[in-house]
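Visitor: model this:
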Amino acid sequence: MHSTIGPITGGALFVATIALMEGVAYVAHRWIMHGPGWFLHKSHHEPRTGNWELNDLYAVIFALPSIVLLLGGVQLGWWPGFTWIGAGIAAYGAIYFGFHDVIVHRRLSHRYVPRSAYMKRIVQAHRLHHAVETKHGTVSFGFLWAPPPEALKAQLNAGGNAGVRAPRGGESATAGE
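Guide: Numbers count the residues shown, from 1 in each chain. Purely as a prediction, here's the structure:
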């Protein structure tokens, strides 16, 4: 006997999954990508020489649970909630792609300029994350939530600016402070 899930419960599972994925992404980014998975993620902290980087394999890796849950929920007779959860994971992936790859890293050409305080904070936090070239010492591992930039700058300074990329033009990292 197959149970069903109504649209309200399904929608709640979908939205809850998107919210929970920010936590999953934070943990994966901080302790996997900047840990044992650095061999793939390192390419994302270096200048890109083409359209692709090794880090793009994470999109495939993180899409697999969504695909399996969607397949199981839709075609294999699993609990129908898995369909909503799989769709939530896919939606988070689409949001991530739009924010991270399109808006922040401009992998697709556009004219969008962040104007809201939220978008400015998120973009600046991600840029501060990329100010560090090494896998250790960086800040801001979330994608849709980030502490205020002032807190992130203080965190970088408290760490002695270890691994922080030298400013363009050869000035010291502390010049003008």
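Visitor: Give the residue spans of this protein that score low on pLDDT.
Guide: 1-2, 160-177 (pLDDT under 70).
Visitor: need the longest helix for it.
Guide: Within the chain, and with DSSP state H defining each element, the longest helix by residue count is helix 7-27.
Visitor: Which residues does that helix contact?
Guide: Contacting residues not belonging to helix 7-27 are listed as 5, 80-81, 83-85, 87-89, 91-92, 95-96, 141-145 [Cβ atoms under 8 Å, 6 or more residues apart in numbering]. All C-beta spots, glycine's among them, are computed from the backbone N, C-alpha and C.
Visitor: now stretch 31-48
Guide: Outside stretch 31-48, the residues that reach it (Cβ under 8 Å, 6+ apart) are 53-55, 57-58, 130, 132-136, 138, 141.
Visitor: In ChimeraX, select just the buried ones from these.
Guide: Only the buried members of those end up in this ChimeraX selection, burial being decided by 16 or more other Cβ atoms under 10 Å:
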select :53,55,58,132,135,138,141
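Visitor: Tell me who's in contact with the spatially most central residue of the chain.
Guide: Central residue check for the chain by Cα atoms, centre = their mean: the C-alpha nearest the mean position is that of Phe143, 4.1 Å away. Contacts of Phe143 were listed using Cβ under 8 Å, 6+ apart, and they are Glu22, Ala25, Tyr26, His29, Tyr96, Phe99, His100, Ile122, His126.
Visitor: One more: Val113?
Guide: Applying Cβ under 8 Å, 6+ apart, no residues qualify as near Val113.
Visitor: May I have the secondary structure class of it?
Guide: coil (DSSP: H, G, I helix; E, B strand; the rest coil).
Visitor: so how far is Asn51 from it?
Guide: Val113 sits 23 Å away from Asn51, taking Cβ to Cβ, to the nearest Å as the criterion.
Visitor: which other helices and strands contact whichever strand or helix holds Glu150?
Guide: Counting by DSSP states H and E, the element that carries Glu150 is helix 149-158. Packing contacts for helix 149-158, counted by 3 or more Cβ pairs under 8 Å, 6 or more residues apart in numbering; DSSP states H and E, involve helix 117-130.
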